[in-house]
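Undergrad: please work out how this folds:
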Amino acid sequence: MRRSRLSFAAALAVASSAVLVGVPAVADAAPSPKPDVPVQLIAMNDFHGRIANTSGADSQQITAPGPDGAYGTPDDIVSIVGGAANVAATVNQLQSSFRAASGEKSGSWFVGAGDLISASPFESSVFKDEPTIEVLDAMGLDASSVGNHEFDRGTEELRRISAATDGTYSDDVTACQGIVPGETGCFGEGEHAFDGADFPYLAANVVSKETGEPMLPPYQVFDMPGGRKVALIGVVTDTTPTIVAPDGVADVEFIDEADAVNKYVPELTRRGVEAIGVLVHEGGQQNGPAGANPNGCNTLTGPIVDINNRVDDEVDLIVSAHTHAAYNCKLPVPGGQDRLVTSAGFYGRLVSDIRLTLDARTGEVDRSATYQATNVPVTRTNPDAHVQSIVDYWVAKSAVAGNRVVGSATADIGRSVSSQRPFEQPIGNLVAQAQLEGLQEEQFGFPEIAFMNPGGVRTDILAGEVTYRELFNVQPFGNTANTITLTGADIDDVLEQQYQQDPDGPAGPNNAGPRNTRLTMGTNEGFVWSYDLTQTYGNRVPDDSIKLNGVTIVPSQTYRVAANSFLTAGGDSFTAFLNGSAVTTGPVDVDVLVEYFEQNSPVSPPLANHGTQIG
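TA: The predicted structure is shown next:
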């Protein structure tokens, strides 16, 4: 059951019918001005199911400059942060101090900006992130925009977990509908039985292809004491169809974020809502060493800058996400006042404590009064006992399967971090090799070549014993390992679609592809190619450089290829896979990797030398 931490009082004036005899009238006295109304929003983004305490770099947050007074230097002060019980305690403490200072006529809400689930550790992901939903309910989350990762398991699964929106918009799926309890969902028992999210997911720019209406509510309106209202519009990056499995979002369309926001601002103002915020799962990043300051705004760049420039100036603040960066900005608004734009990093290491003031007469945000934000570290000094008990339940439940040793590694096999996705990596090649070997059966057509998208590999494999949990964390999305028939020309196009960056800038001759990034896939042993970044996009991989076991790939010949379901559906803008035929669905990808370790341990890191740069 949800335990809300977000109570706020709404004092109601009670009119008395009694007549007081002998009391002089005071009709000529000037009425006392109404006090302005304090508002608090506490925001979290990109939590990714980190319900248990994180470790290593994931648990470390720069919280202050060192003795030299400058961020981005070796003496920066680093704190150990994160974990759901500590997020809950931090939120509770911030709300308590706010209410104590602001009185009963204030309002406080805890909100999210997407990617709260998926790309999650084993203890949440193995149970389809139902543990994270239970934790968020217990913390009293009031609303969240959807993130791209909320669509990793498709729109039907998003509808299933969104209990607060059941029966509204396109949400016609209940929490355990179509589920085999304990096997395909609804994994918890007793007080942990799954009943879905108590908070609404907001999706103003995700519209049904059938009706043109939002698939989920576009906004949430919160009532304030004295009849004032605060509204939050939720949107997600419009690039979502290119970074999730396309077949999982085939029934919806993702429209421009700013256009969607601007559509609903007039609707809200007609309803008398003057205080409007946006929860957007898109973001930016600070630049330079000073960008290490979690409360800085050092030359912010990225899509959020353009969104801020185009969003209606009636919008009072923007809570952003997606880039895993922390910043705290007041960005200029064309024709308007500077606007708060925040992001709280990732994994629950920070929360944004946003303070606003509503004019009691108009309900508008008074930006000349309290109008500020602080990214607050989620320290581990006093974890919330109730949330910790939920985490402990799921960690224990996951340990039975997760701690099974399935093999070993002779050395660390990496690198899975986002910054390395433009470059070929041993772990990507390992996963591709595992899928190639694991699908050598007649039903799959005995594949000859395998591809693995770099974003589908989420963590490294460390030297020593390897458990099922570790391999699940490498591939936590529940994709299947499939096979597909491609021509040699299609394979050439797949390789070309890796190199979509513009290496010489917009003024140069080398144009970018539609994704405008470089993503180098993992491939199997014996498959090689060359690439020349000085050439224009689409002409960077020489045809005669593509070889399998020393034999040049023939454009007109067909080849059986192994790739996960994300890629075979054209994910990450690898649209050449859509030219393929005879797709065969195989086992869940992590099970293929587990089998590879069981049969080949100890496993050594493969070389990352399949693609050779020649220009």
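
Undergrad: quick one: Ser102 from Asp338, how far?
TA: According to C-beta to C-beta, to the nearest Å, Ser102 and Asp338 sit 24 Å apart. Where you see a C-beta, it was placed from the backbone N, CA and C, and this is true even at glycine.

Undergrad: counting neighbours, go ahead and name the busier of these two.
TA: Neighbour totals were compared for Ser102 and Asp338, and Ser102 leads with 19 against 13 (other C-beta atoms under 10 Å).

Undergrad: roughly how far apart are that one and Ser108?
TA: From Ser102 to Ser108 the distance is 8 Å (C-beta to C-beta).

Undergrad: so what sits against both of these two?
TA: Here Ser102 and Ser108 share the contacting residues Gln40, scored by C-beta atoms under 8 Å, 6 or more residues apart in numbering.

Undergrad: give me phi/psi at the residue nearest to the spatial centre of the chain?
TA: The residue lying closest to the centre of the chain (C-alpha atoms, centre = their mean) is Asp115, at 2.5 Å. Phi and psi for Asp115, reported as degrees, to the nearest 10, are phi 60, psi 40.

Undergrad: ok, Tyr201 - contacts?
TA: 143-146, 150, 158, 162, 164-165, 216-217, 234.

Undergrad: in the stretch 401-550 of the chain, where is pLDDT below threshold?
TA: Scanning the stretch 401-550 of the chain for pLDDT under 70 picks out 507.

Undergrad: farthest-separated two in the contacts of Tyr201?
TA: Longest distance between any two of those is 14.9 Å, between Ala143 and Leu158; criterion C-beta to C-beta.

Undergrad: and these two? which has more neighbours close in?
TA: More crowded of Ala143 and Leu158, by other C-beta under 10 Å: Leu158, with 27 against 21.

Undergrad: give me the neighbour count for the nearest residue to Ile243 once chain neighbours are set aside.
TA: Nearest residue to Ile243, sequence neighbours excluded (C-beta to C-beta, 6 or more residues apart in numbering): Asn148, at 5.5 Å. Around Asn148 there are 25 other residues, counting by other C-beta under 10 Å.

Undergrad: gap between Asn148 and His48?
TA: 12 Å.

Undergrad: what is in contact with these two at once?
TA: Asp115.

Undergrad: returning to that earlier point: list buried residues within the contacts of Tyr201.
TA: 143-146, 150, 158, 162, 164-165, 216-217, 234 (16 or more other C-beta atoms under 10 Å).

Undergrad: and the residues you listed, which is closest to Asp366?
TA: Nearest to Asp366 among the buried ones among the contacts of Tyr201, with distances taken as C-beta to C-beta, is Ala143, at 23.3 Å.

Undergrad: quick check: the closest one touching Leu279?
TA: Yes. Using C-beta atoms under 8 Å, Ala143 makes contact with Leu279 at a distance of 7.4 Å.

Undergrad: list the residues that contact both of these two?
TA: Common contacts of Ala143 and Leu279 (C-beta under 8 Å, 6+ apart): 111-112, 202, 232, 234.
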